[in-house]
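# this is a predicted model, with the sequence first.
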Amino acid sequence: MTPWSKWFLSTRYRLLPASRLSEEPDMSFVHLHLHTEYSLLDGMNKIGPLVARLKEMGQTACAITDHGNMYGVLDFYMKMKDAGLKPIIGSEVYMAPNGRLNKDKEAGFPNHLILLAKDFKGYQNLSHIVSIGYLEGFYYKPRVDYEILEKYHEGIIALSACLKGEVAETAAKGDEERALTIAKRYQDIFGKENYFIELQNHGIEGERRALPILRSIAKRIGAKTVATCDSHYLGKDDYAAHEVLLCVQTLQKMTDKDRMSFNGPYYHVMTEQEMRERLPEDEEAIQNTQLVADMCNVEMPLGTYHLPRYIEEGQTTPWDAEVNRQLLEKMTMDGIQRLYPPEQLEEATARARMELETIEKCGFVDYFLIVQDFTRFARRKGIAVGPGRGSAAGAIVAYATGITEVDPLRYNLLFERFLNAARISMPDIDMDFEDARRGEVIQYVRERYGESSVAQVATFGRMEAKQAVRDVGRALGMLPKETDLISKLIPFGTGLEDALKTVEQLKKMYDDGTKLSGTTVKELFDTAMKLEGVNRNFSTHAAGVVIADTELTNYLPLQRDKDGNVITQWDHNLVEAFGLLKMDFLGLSYLGVIQNTVKMVKDQLGVTVDISHIDTEEPAVYKLISSGDTVGVFQMESSGMKGVASGIQPSSIEDLTAIISLYRPGTIKAGGIQKYIDRKNGKEKVNYYHPSIEGVLRPTYGIIVYQEQIMQIANRMAGFTMQEADILRKGVSKKKADILAKQRTVFVEKSIEKGVPKKTAEDVFALIDFFAGYGFNKSHGVAYAIMVYRTAWLKFHYLVQYLTALMNSGIDTEDRLKELVAECRSKNISILPPDINKSDKLFTVETQADGSQGIRFGLLAIKNLGSKAIDEIMEERSNRAYSTFKDFQRRSGGSKVNHKSVECLIKAGAFESLGEDRVTVLREFSNQNGKAPVADDSGTGLFGGSVNEPGTPVSSCDTAGAAAMEKEAFGFFCFCSPFQQYEPLLAKYKAKRVAECADLDDGSTVTVMGLLTSAKTAKSKAGHAYGKCILEDDSRKVELMVFEYVLGQFQPCFDREGAIVLEANVRMDGDELSLTAKKFIDFVTPEQAKGSKPVSVTHPVLKLTMTEEQVNGEILKDVLLLTHQYPGKEHWRILYRNGTEHCLEVGNRHWVTVTPALLKGLAEILGPSGVDYS
């Protein structure tokens, strides 16, 4: 080393003696205080790029110390290990100043403390400490105290933390003695060798004051110092983006003077050289970071399953693996005997024994017993359970033990797709339960397997592209309307970088330096791209539940969600990676709909429906699905699914399975759906490639629709075992070039060995390669196809009850109720208004005077009317009906029925059955200033008059303001819709209803008619005027954007009463519909609507002429059997003579879609003269 070099280094590292400058300093620094993106909206380090940066800097180890949590420790551990680096597991915990249980406002702010795990015992103790912070000490932050540290200190190293640490904070105030006392207490807890004093220099005045005192304290108590950087982001150039992130966290703007800030760009992941520059006097502290790293050697027990052990209820003997094996075998074989006919017993038994052998070999006997246990509990308690979900539906053991209702033999499903002995991984048995009672099943599992061993699973919400634009734009001072406009230009599911490449308008704004509220679109996007994908918040996974063989905190940290439920701090991927049993308990609303429909049918019609054993081959049910009459049919309501069903014309569960499996983005893009339809309908030739696989491809017309088909092709053509075939399926689905090349070689060689021509084998593998990314899990498809059929079957046979159950399921969702009300009316089912004496809490079926069934509005659908208030109303009226509004007031005085509740009941028209219209009653009520009268015993009404008998029902729908009242009460127009007067004009303008726009493709053009129930104009910062409107009719409401180039056409309509007709572009952002005005067509006032002649649209009517004997005999049965195969919306009538001529209008349950095939069939039954369609 030259003299000049020695001089240069001695000036940079002033305290290093010349003797130590003979060579460059060793790479000895290790980050021990570092925050990742799991310090939510505070840390910005994504773990993948962080690990890559550490590797690039030559660092060999690093700690993760997120604020108060351990969200990211396993992700960090695995990525560090994969990179050949040492992970140090830690957390920066919050210390409660007056004990974790003290939650008074005067308790003061908590201090920080860094804890690092030395070994797995230390990791477990750290997990306990962090969990207790959330479960017991949470008060704004998850807090712990000295008591907890003393209890769980074993295997843990403590660092004194940053300026927020108790020692450094006290030192910064100049109180060395008190700081020393605090440090000594920590040292006594953790041991002299396990407590270190942190030294930091981020250029903060407090650190400058604290540093000499901290060095002094370390010497006085014999503690070692460690140099740390409070790293929150990766590089110096991330400083500005991190400042924005802090504004997102605190809901502040960058221009706010008192905003939270880190005061300088020194909180990045520093290199060793930078650390030496920041702390030139503390070489030993830098060297000691490696010492700490050497002390930390946590090895996570990955590759091991931590499954709970199953013990039968009432079992007094200890757990025994052999006993459980025999129990599962007995349950399975008993089920096989019960479910299969004699001719299938041999096949079913052999399949079951094969599965049982694999289950035992893989160590999952207890897993199956646990799942059947809580499934059995649910069925015993009358909780609806789905027929199956996922690949578990391919297991005959699951079918035989009552876990699923899907027969894998009937539908040719593969067990190896679910569990493969050659590729042992945790099986995935996910369950659907009716959503309203899902919590009961979870609670049973908690009680059965131990509260401390069961938790729900966390999930993390990331800052996706649109959210990043909104968050960053707000922090940079942009207006919400500006960020909304930008975010809506970003296609759904597209990242910011791709959006700039593919959306010309965005690219132009970015390149041209367009400014919005003083911020350029370039600055907005550059900052948002740095924050895109960062964890933004945590919540509870919709379905995940974890069950362990011991206290969960021995494996992972816990916390509470906003509802107080105990949840893991890891997401489901990490839970499974650790080897814990994670199952999905999904809440499926349609299961509740089915259950409630069946109950109504039993209660009202006396008919017992066993939904698990209905005929699954009724042509009429498949006709209903094919015709698109699928509002309320599971999975079949979207326009896309209707289109596929119309093309395929399903006639079996297998066809429904194909529809569910084909309607996926990848298959649509690849043209697989149209190819399937064309081949099914004989428009395209089918190629089966080779006789050995014709049986596999014939059901799907030569197209690979299911993942299981890949396995079957490999098995039959190339001689793979099913286990090998499953590995092939999994391998090709990853689309990695090296894996594909290897798999292709093996497949082709094995096929040639079995006599298959090389070209054929290569063509078949190309087919596998093409469809591997699109193939669907057939087992799941079958299970959901059964759900499709069950809901369609109920809709066809018990329409009124089914729609009532659907309305109750969506009672708190305006758009859903509006859609279902429209569906009822299209089926000529009367929707009866709320009635204070007749309405129940939920929608109910009510028989009307003419014998038809209507649906009575439920009180819970009225806004501002809570469940307790309704209970009180119904309990009081059970004594006697309310006779007048005054009577209602007198009897509800001083109750849960508050002023707002009564007002909404009035506005909903609930008292009109008493002869009192809502406008008059509301005026009377308002004059009382909302005060409920004092109840008295005189039997008189509010004003001293006698209580009248109920009056004649009235309707105030023609009264000015009634429609607005109703909309306020329901959230939509239902009985008093102002749009009804314009409906006849839809045909005139060939306009669609608003709801029908959702059936169109994104970007398509539509003529639509509706009411502008809201219209506002504004200007962008660039000076461009635009209108933001709500377009609404009886079917739906939607946002309508009117940009400057057409605003002049529309603006005169904004404040007028009437319906607008326009041409618009459809925008579908995921499932969210919006419209952009393209051209003004017409505006119709109420007067014009009343004065216009209805557009005459005549429809032919089907009339059948029959004799009285035919009407009363078998002929009518034959007619009904035939018409049920063609369900639809066309009514028909029967003409017959019995002395006089009679005309019978057939009920809406029997309405049809008239087709040539139907007319031909009717003519064969009645003769040509008996059928008239004109």
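Yes, it's here.
# which residues in the stretch 451-600 of the chain form strands?
With DSSP state E, counting those that start in this stretch, the ranges of strands along the stretch 451-600 of the chain come out as 454-462, 515-516, 519-520, 535-547, 558-560, 566-568, 581-588.
# so what strands line up beside the third one?
If I follow you right, that is strand 519-520. Paired neighbours of strand 519-520 in the sheet (DSSP bridges): strand 515-516 (antiparallel).
# nearest to Ala117, of the strands of the stretch 451-600 of the chain?
strand 558-560 (16.7 Å; C-beta to C-beta). From N, CA and C alone the C-beta is placed, and that goes for glycine too.
# so how far is that closest one off the chain centroid?
21 Å (C-alpha atoms, centre = their mean, to the nearest Å).
# contacts made by it with the rest, please.
The set of residues external to strand 558-560 that reach it, using C-beta atoms under 8 Å, 6 or more residues apart in numbering, is 69, 131, 134-135, 138, 142, 455, 458, 552, 566-569.
# contacting residues around the residue most central in space within the chain?
The residue lying closest to the centre of the chain (C-alpha atoms, centre = their mean) is Ala542, at 6.3 Å. Contacts for Ala542 were tallied using C-beta under 8 Å, 6+ apart; they are 459, 586-587.
# return the members of those residues classed as buried.
459, 586-587 (16 or more other C-beta atoms under 10 Å).
# re earlier: make a markdown table out of the contacts of strand 558-560 and add neighbour count, pLDDT and distance to Ser779.
Shown next, in a markdown table, are these (neighbours: other C-beta atoms under 10 Å; pLDDT from 0 to 100; distance: C-beta to C-beta, whole Å):
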| residue | neighbour count | pLDDT | distance to Ser779 |
| --- | --- | --- | --- |
| Asn69 | 22 | 97 | 37 |
| Ser131 | 25 | 97 | 37 |
| Tyr134 | 21 | 96 | 38 |
| Leu135 | 15 | 95 | 39 |
| Phe138 | 17 | 93 | 42 |
| Pro142 | 27 | 96 | 42 |
| Ala455 | 28 | 95 | 28 |
| Ala458 | 22 | 94 | 28 |
| Leu552 | 25 | 96 | 30 |
| Val566 | 18 | 94 | 32 |
| Ile567 | 23 | 95 | 29 |
| Thr568 | 29 | 97 | 28 |
| Gln569 | 26 | 96 | 32 |
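# which pair in those residues spans the largest distance?
Phe138 and Leu552 (17.6 Å).
# which one of the contacts of strand 558-560 is nearest to Glu106?
Phe138 (17.5 Å).
# show the contacting residues for that closest one.
559-560.
# any idea how far it lies from Ile132?
Using C-beta to C-beta, to the nearest Å, Phe138 is found at 10 Å from Ile132.
# what segments of the stretch 451-600 of the chain are helices?
465-475, 480-489, 496-502, 504-511, 521-531, 572-577, 589-600 (DSSP state H, counting those that start in this stretch).
# in CSV, list these along with mean pLDDT, distance to Gln372 and mean neighbour count.
Converted to CSV, the helices of the stretch 451-600 of the chain look like this (pLDDT from 0 to 100; distance: least, C-beta to C-beta, whole Å; neighbours: other C-beta atoms under 10 Å):
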stretch, mean pLDDT, distance to Gln372, mean neighbour count
helix 465-475, 93, 41, 24
helix 480-489, 87, 47, 18
helix 496-502, 90, 46, 16
helix 504-511, 89, 53, 14
helix 521-531, 93, 46, 21
helix 572-577, 92, 21, 20
helix 589-600, 97, 18, 22
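# to Ser1014, which of these lies closest?
helix 480-489 (14.4 Å).
# and the protein, what are its domains?
The record's domain split for the chain, according to automatic domain parsing, is 3-234+269-295, 321-460+540-589, 605-792, 830-970, 980-1091, 1102-1173.
# shouldn't Thr630 be in contact with Met641?
Yes - between Thr630 and Met641 there is a contact at 7.4 Å, judged by C-beta atoms under 8 Å.
# got a pLDDT number for Val601?
For Val601, the model assigns a pLDDT of 96.
# now do the contacts for it.
Applying C-beta under 8 Å, 6+ apart, the residues contacting Val601 are 607, 609, 798, 801.
# in the lengthiest strand in the chain, which residues are buried?
In the chain, with assignment by DSSP state E, the single longest strand is strand 1005-1019. Buried residues in strand 1005-1019, counting neighbours by 16+ other C-beta under 10 Å, are found at 1006-1013, 1015.
# mind putting those residues into CSV with pLDDT and distance to Val469?
Formatted as CSV, these follow (pLDDT from 0 to 100; distance: C-beta to C-beta, whole Å):
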residue, pLDDT, distance to Val469
Val1006, 93, 28
Thr1007, 95, 32
Val1008, 95, 29
Met1009, 95, 33
Gly1010, 92, 30
Leu1011, 92, 32
Leu1012, 92, 28
Thr1013, 87, 28
Ala1015, 89, 26
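# circling back: CA-only coordinates of the following helix or strand past the longest strand of the chain in CSV, if you can.
The C-terminal neighbour of strand 1005-1019 among helices and strands, as given by DSSP states H and E, is strand 1025-1032. The C-alpha coordinates for strand 1025-1032 follow below in CSV (Å, rounded to 0.1, in the frame of the first residue of the first chain):
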residue,chain,number,x,y,z
ALA,A,1025,-64.6,20.3,-18.8
TYR,A,1026,-66.4,17.0,-18.2
GLY,A,1027,-69.5,15.6,-16.7
LYS,A,1028,-69.8,12.9,-14.1
CYS,A,1029,-73.3,11.4,-14.0
ILE,A,1030,-75.3,8.5,-12.7
LEU,A,1031,-77.5,6.8,-15.3
GLU,A,1032,-80.3,4.6,-13.8
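# the closest residue to Pro699 other than its chain neighbours: what's it in contact with?
Once flanking residues are discounted, Pro699 sits nearest to Glu654: 6.5 Å by C-beta to C-beta, 6 or more residues apart in numbering. Contacts for Glu654 (C-beta under 8 Å, 6+ apart) come out as 411, 699, 785.
# same question, Pro387
Neighbours of Pro387 in contact, by C-beta under 8 Å, 6+ apart: 393, 404-406, 612, 783, 786-787, 790.
# next step: those restricted to helices.
783, 786-787, 790 (DSSP state H).
# quick one: buried ones out of those?
Members of those classed as buried by 16+ other C-beta under 10 Å are 783, 786-787, 790.
# could the strands of the stretch 451-600 of the chain be laid out in a markdown table, adding distance to Ala908?
Shown next, in a markdown table, are the strands of the stretch 451-600 of the chain (distance: least, C-beta to C-beta, whole Å):
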| stretch | distance to Ala908 |
| --- | --- |
| strand 454-462 | 37 |
| strand 515-516 | 43 |
| strand 519-520 | 46 |
| strand 535-547 | 33 |
| strand 558-560 | 38 |
| strand 566-568 | 39 |
| strand 581-588 | 29 |
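# which one of these is the most hemmed in?
Burial of the strands of the stretch 451-600 of the chain is given as mean neighbour count (mean count of other C-beta atoms under 10 Å); strand 566-568 ranks first at a mean of 23.
# that one packs against which elements?
strand 454-462, strand 535-547, strand 558-560 (3 or more C-beta pairs under 8 Å, 6 or more residues apart in numbering; DSSP states H and E).
# ranking those by mean pLDDT, which is last?
strand 535-547 (a mean of 90).
# strand partners (parallel or antiparallel) of it?
Going by DSSP bridges, the partners of strand 535-547 are strand 454-462 (antiparallel), strand 581-588 (antiparallel).
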